[in-house]
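Trainee: Give me coordinates for this.
(one chain, ligands or ions: 2)
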Amino acid sequence: MNHRNSIETWSAAAQTLTGSSMNYDFTTVLNQAFGNNTGDVNQDDFIDGTDKSMIDNDILIFATGYLATDLNCGQITDGTMRLMLMTIHTIL
Ligand SMILES: [Ca+2]
Ligand SMILES: [Ca+2]
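Mentor: Numbering: from 1, shown residues only. Ligands and ions are numbered 1, 2, ... in the order given. I've put the predicted structure just below:
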């Protein structure tokens, strides 16, 4: 799976295809995905200070809408996004 603000990822556990498709919900809990890959705002396959800066910039202008910096997809980038990023990626 690839998403607007996550590193390409896969399910935490092996899944079985039935026919040609499969349903798998990555949204129920963070550990549905292999590793914690949300936060790659600029889609360069790294989650680092650049992503954090982009989130900070959108927080400062009260950005809303369909934004890569909106990590929880709630249509607003606020301090919660920064806290999410720093909680998941303790090195930031
Ligand atoms: Ca990045
Ligand atoms: Ca949000």
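
Trainee: quick one: Asn23 from ligand 1, how far?
Mentor: When distance is defined by C-beta to the ion, to the nearest Å, Asn23 is 28 Å away from ligand 1. Where you see a C-beta, it was placed from the backbone N, CA and C, and this is true even at glycine.

Trainee: Now do the SS call for that residue.
Mentor: Three-state call for Asn23 (DSSP: H, G, I helix; E, B strand; the rest coil): coil.

Trainee: Report the residue spans of this structure with pLDDT below the cut-off.
Mentor: 30, 35-36, 91-92 (pLDDT under 70).

Trainee: Single out the residue in it that lies closest to ligand 2.
Mentor: At 3.6 Å from ligand 2, Gly74 is the closest residue in the chain, using C-beta to the ion.

Trainee: secondary structure element for that residue?
Mentor: Assigned by DSSP states H and E, Gly74 falls within no helix or strand.

Trainee: Number of residues surrounding it?
Mentor: Per other C-beta atoms under 10 Å, the neighbour tally for Gly74 reads 11.

Trainee: what does the one 3 residues further on give?
Mentor: Other residues lying near Thr77 total 27 when counted by other C-beta under 10 Å.

Trainee: Surely it touches Asp70?
Mentor: Yes - taking contacts as C-beta atoms under 8 Å, Thr77 lies within contact range of Asp70: 4.9 Å.

Trainee: what do those two both touch?
Mentor: Shared contacts of Thr77 and Asp70 (C-beta atoms under 8 Å, 6 or more residues apart in numbering): 58, 63.

Trainee: what about Thr80, which SS state?
Mentor: Recorded secondary structure, Thr80: helix (three-state DSSP).

Trainee: In contact with it, which residues are there?
Mentor: Thr80 makes contacts with Asn72, as judged by C-beta under 8 Å, 6+ apart.

Trainee: I'd like to know how far it sits from Leu17.
Mentor: Going from Thr80 to Leu17 by C-beta to C-beta, to the nearest Å gives 36 Å.

Trainee: Can you pull up the residues of this structure that come close to ligand 1?
Mentor: Within the chain, the positions lying close to ligand 1 (C-beta under 5 Å from the ion) are 40, 42, 44, 46, 51.
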